[in-house]
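> Requesting a structural model of the entry that follows:
(3 chains)
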Amino acid sequence: MAMPQIKPVESGAPEIAVSAKNISKNYGDVEALKDLTLEFPKGQLTSLLGPSGCGKTTLLKIIAGLLEPTSGIVEVNGKAVTGPGPDRAFVFQDFALLPWASVLRNVAFGLELRGVGKSEREDIAAKYIKDVGLGGFEGSFPHELSGGMRQRVGLARALSVDAEVLLMDEPFSAVDEQTRRKFQEDLLSLVQNENKTFIFVTHSIEEAVYVSDQIAILLPRPSRVSDIIRPSDLRTKDVDNIRRDPEYLDTVDRIWALLRTYVE
Amino acid sequence: MPLLQRLPIRRSLLLKLLSALLVFGAWEIAGRVPVSYAFPTFFESMSALWTLAIEGTLFSAYYDTLKPLVIGIAISAFIGIAVGLWIGLSSWFDWLFSPIFIVMQAAPLAALIPLLVMIYGIGLTSKVFVVCIMAMPVIVLNTAGAVRNTPTNLVEMGQSFLANRVEVITKIIIPAASPVIFSGLRLGVSAGFIGAILAELKITPTGVGDIISYSRSVADYPSMYAAIFSIILLAVLFLNLLERIEVTLFEGNDRGYASD
Amino acid sequence: MVVFGYRLPGMSSLLIWALVWELVGRSDMSFFVPPLSEVVTTLFSIIGTAAFQKALYETAYAFVAGVFFAVVIGVPTGILMGKNRLIDELLLPWVNIFLSAPLTALVPVLMVLFGFGMKSIIITTTLFAIWIIILNARVGVMQINRSLVEMARSFGATPWDAFTKVYFWAALPEILGGVRIGVIRAVKGVIIGQLLISIVGFGALFELYSNNFLMAHFWAVLLVLFALAFTLSEVLAWMERRLSYYSSKR
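Below is the predicted model of the structure:
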């Protein structure tokens, strides 16, 4: 950057990794997003929660650089987003694995596109395959894996490029309930251990409250941020007790009260 | 347990044999009645086939028949896939060329044969052309359709992991399209067989077409039926082989998404 | 294709190709390609002639009769195969064989068995169309949603009611899809039959024009034939799209 940047330093408040400023997105006459502003603190997990059609996936794809906003800008670490970049990695709702490639090549695919040499990228990929619990499946193909295992491959692929921001588009919606619970627990320890910023799209209130540091409630027609909720004490609790915690239950109820009028 | 697992396979094999027996038996009986002076029995036809084979007539005939077919398919595959990829990738090219192939696909292109004979004579060129016009449209349209229908999520995945346009095409679009391209080739071969035989029956009798025409003119019906039987058998076996290859080569390619 | 924000209709590029044809024809590049305008003028002059109308009538007759037999025999056979496992296993190998077999090779057999005439051409047409119709009807019946079958049974439908009110309609989109492909194949079959048995219909006309090197006449007939075939396939595709609303959600 040629221009010297002045960083606003706020003591106490967490550093902002991603900020969306006055984002609007129109499809013809349809307003998918209208003047939406939202900040995502570094090292934390922010959920985008809302009923279908509220533009949460659109917002995520704009942050990813896959879609261009009609107006407004997205900044990642102060730099404006103009397209997909090495600082962000995407986890897809329907996994988006290459069906003709082995698990190893799928996980290494992001590195392959960045021009990392074959042996190096396969070493990195093998490490992340183990990390997500798929050790031994390196040579398998996507169709030989269950839905949950496929999403672990998608997750390993996103982790292996070592991006600062992980964008997750309803990553657990296509897996069964038990697998989803395991994923949610794993996600919590991932947020804790990796110093990454997570942006997580979901339509499940319980899931959002369980995994998030910050929940942005998006409402449709016209799409906007209605509330930002920070479940303050939950993160210090043991994962096994979160679902029994009064704050957890209250937050779920509060969000439902906000959303119920928008459910047809 | 292994026995139980093998049982359904054995049943379907048995039924296939039974089915073949019924049809060939009906052929034999119809030939013995006979339903027509021009309807030889199954065994007469098969022994004629055997004679043609040991005399070597059959093999030299197939050399002549398969030559335009192989050349025509090779040309159609090369040009067809290239044009199809281009149509699938460029909306301008799509607008310009798709209509031609759509019309070709629907139209009875066999009607062009008299014209081809007028222009290129009765030699190999005309026959290769016949195979090409029959085989090309389906190859082009399948390739273009496959490219156009590349799953959006795979392309978006590539883009989000920083693939450039060339990488998206070579690493995502072409591999994703290859099963459909291959099945287009198979359909092209199938149409090519129709073209090759049509060329031999309509333009000049050579190869298998010659055996068919000649034995018909001298009323040697068993040989005629034998030649027809052999070409249909060859085509069906070869297309089946291609289908097997397709299944093993692209196993699981259309799966692996969230839907299952 | 979008030019200056205006969307060009799908088939509009054919106008450009018509122009190219005209220019190539005018340039006298090839004796075999007369200008399009000349072909069209010839077309109007021959369209009223008895020979052309006879060819058109004979072709239409063989085509309609061939498709009729293909549908009337093919659809019930396919439904039967979908419902009865034994019949299915006995017939399916043969349907698959004839679906991919080069049926042109059978035309000489038809010629010696049924003579050089209309009968052979009708049978050729039927043979080209019938296999895909059988196969699609079979698939249509086999993939009827199980819960739909159970719904009919749980509401106490008689077998006849279940068949006429549920099964047939549930399989209809696939059956019609098969008929559409079958009809397109029948167009090719009727022309191939006429070319090989070239004393009937357009086959005879092609023979006459090509022997006398009447290029404009030849192209005029080709133009009519291709236009008819294309229109037919587009109309059928349009009808299938109109019907697809109820096959999409079930």
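> Might you report the residue contacts of residue 59?
Here I'm looking at chain A. Residues near residue A:59 by Cβ atoms under 8 Å, 6 or more residues apart in numbering or on different chains: A:20, A:23, A:33, A:36, A:38, A:48, A:218. Heads up, the C-betas are built off the backbone N, CA and C, glycines and all.
> Can you look at chain C instead?
Contacts for residue C:59 (Cβ under 8 Å, 6+ apart) come out as C:190-191, C:194, C:201-202.
> same thing but at 7 Å, please
Listed by Cβ atoms under 7 Å, 6 or more residues apart in numbering or on different chains, the contact partners of residue C:59 are C:190, C:194, C:201-202.
> Of all residues in chain C, which one is nearest the centre?
Nearest to the mean C-alpha position of chain C, by Cα atoms, centre = their mean, lies residue C:184 at 2.0 Å.
> That residue contacts residue C:233, correct?
Yes. In this structure, residue C:184 is within contact of residue C:233 by Cβ atoms under 7 Å, at 5.2 Å.
> intersection of neighbour lists for those two?
Common neighbours of residue C:184 and residue C:233 (Cβ under 7 Å, 6+ apart) are residue B:106.
> For the contacts of residue C:59, pick the one with the most neighbours.
Within the contacts of residue C:59, residue C:190 tops the neighbour count with 34 neighbours, counted by other Cβ atoms under 10 Å in any protein chain shown.
> Packing partners of the helix or strand containing it?
Secondary structure from DSSP states H and E places residue C:190 in helix C:168-196. Judged by 3 or more Cβ pairs under 7 Å, 6 or more residues apart in numbering or on different chains; DSSP states H and E, the packing partners of helix C:168-196 are helix B:174-202, helix C:50-83, helix C:118-142, helix C:201-211, helix C:215-243.
> count of neighbours near the closest residue to chain C within chain A?
Chain A approaches chain C most closely through residue A:28 (13.2 Å), counting by Cβ to the nearest Cβ. As a burial measure, residue A:28 scores 5 neighbours (other Cβ under 10 Å).
> Would you mind measuring from it to chain B?
According to Cβ to the nearest Cβ, to the nearest Å, residue A:28 and chain B sit 19 Å apart.
> who touches that residue in this structure?
Under the criterion of Cβ under 7 Å, 6+ apart, residue A:28 has no contact partners.
> Output the below-cut-off pLDDT ranges for chain C.
Within chain C, the ranges that satisfy pLDDT under 70 run C:1-5, C:156, C:244-250.
> Around chain B, pick out the residues from it.
Residues of chain C found near chain B (Cβ under 7 Å from any Cβ of the partner chain) are C:1, C:8, C:11, C:13-14, C:17, C:32, C:89-90, C:93-94, C:97, C:100-102, C:104-106, C:108-109, C:112-113, C:184, C:187-188, C:191-192, C:195-196, C:206, C:210, C:218, C:222, C:225-226, C:229-230, C:233.
> among the residues you listed, which ones are buried?
Neighbour counting by 16 or more other Cβ atoms under 10 Å in any protein chain shown classes C:1, C:13, C:89-90, C:93-94, C:97, C:100-102, C:104-106, C:108-109, C:112-113, C:184, C:187-188, C:191-192, C:195-196, C:206, C:210, C:218, C:222, C:225-226, C:229-230, C:233 among those as buried.
> distance of the spatially most central residue of chain B from residue C:98?
Residue closest to the average C-alpha location in chain B (Cα atoms, centre = their mean): residue B:190, at 1.6 Å. Distance, residue B:190 to residue C:98, by Cβ to Cβ, to the nearest Å: 12 Å.
> do the same with residue A:168
Computed as Cβ to Cβ, the residue A:168 to residue C:98 distance reads 52 Å.
> Show me which of these two is the more surrounded one.
The neighbour count for residue A:168 versus residue C:98, taken as other Cβ under 10 Å, is higher for residue A:168 (26 against 18).
> quick one: secondary structure of the more buried one?
Following DSSP: H, G, I helix; E, B strand; the rest coil, we place residue A:168 in the strand state.
> From what I see, it and residue A:92 are in contact.
No. With contact defined as Cβ under 7 Å, residue A:168 does not reach residue A:92; the gap is 8.7 Å.
> From the rest of the structure, what touches stretch A:209-218?
Applying Cβ under 7 Å, 6+ apart, the contact partners of stretch A:209-218 are A:38, A:41, A:44-50, A:54-56, A:184, A:187-188, A:200, A:208, A:225-231, A:235, A:242-243, A:248, A:251-252, A:255, A:258.
> Spell out which parts of the stretch 101-250 of chain B neighbour chain C.
B:103, B:106-108, B:110-111, B:113-115, B:118-119, B:190, B:193-194, B:197-198, B:201-202, B:212, B:216, B:224-225, B:228, B:231-232, B:235-236, B:239.
> rerun that using 8 Å as the cut-off
B:102-103, B:106-115, B:117-119, B:190, B:193-194, B:196-198, B:201-202, B:208, B:212-213, B:216, B:221, B:224-225, B:228, B:231-232, B:235-236, B:239-240 (Cβ under 8 Å from any Cβ of the partner chain).
> Going by neighbour count, which of the residues you listed are buried?
When these are checked for burial by 16+ other Cβ under 10 Å, the buried set is B:102-103, B:106-115, B:117-118, B:190, B:193-194, B:196-198, B:201-202, B:208, B:212-213, B:216, B:221, B:224-225, B:228, B:231-232, B:235-236, B:239.
> I'd like the list of the residues you listed that fall within helices, please.
B:102-103, B:106, B:113-115, B:117-118, B:190, B:193-194, B:196-198, B:201-202, B:208, B:212-213, B:216, B:221, B:224-225, B:228, B:231-232, B:235-236, B:239 (DSSP state H).
> Using PDB, write out every CA atom in the lowest-mean-pLDDT helix or strand in chain A.
In chain A, no helix or strand scores lower on mean pLDDT, DSSP states H and E than strand A:224-229, which sits at a mean of 82. Extracted C-alpha coordinates of strand A:224-229, given in PDB (Å, rounded to 0.1, in the frame of the first residue of the first chain):
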ATOM      1  CA  ARG A 224     -30.300  -5.600   7.100                       C
ATOM      2  CA  VAL A 225     -28.600  -6.300  10.400                       C
ATOM      3  CA  SER A 226     -31.200  -6.200  13.100                       C
ATOM      4  CA  ASP A 227     -29.200  -7.100  16.200                       C
ATOM      5  CA  ILE A 228     -25.800  -8.100  17.300                       C
ATOM      6  CA  ILE A 229     -25.700 -10.500  20.200                       C
END
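> Mind listing the strands it pairs with, and their directions?
For strand A:224-229, the paired strands and their directions (DSSP bridges) read strand A:214-219 (antiparallel).
> So for the partner strand, mean pLDDT?
When pLDDT is averaged along strand A:214-219, the result is 88.
> Quick check: buried residues in it?
By neighbour count on 16+ other Cβ under 10 Å, the buried set for strand A:214-219 is A:214-219.
> Using CSV, lay out the residues you listed together with distance to residue B:42.
Below are the buried residues of strand A:214-219 laid out as CSV (distance: Cβ to Cβ, whole Å):
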residue, distance to residue B:42
A:214, 80
A:215, 77
A:216, 77
A:217, 77
A:218, 73
A:219, 76
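> Pick the one among the residues you listed closest to residue B:88.
Lowest distance from residue B:88 to the buried residues of strand A:214-219 (Cβ to Cβ) belongs to residue A:218, with 36.3 Å.
> Return the residues in contact with the nearest residue to the closest one once chain neighbours are set aside.
Residue nearest to residue A:218 in three dimensions, not counting chain neighbours: residue A:50, with 3.6 Å by Cβ to Cβ, 6 or more residues apart in numbering or on different chains. Neighbouring residues of residue A:50 by Cβ under 8 Å, 6+ apart: A:56, A:203, A:217-220, A:259, A:262.
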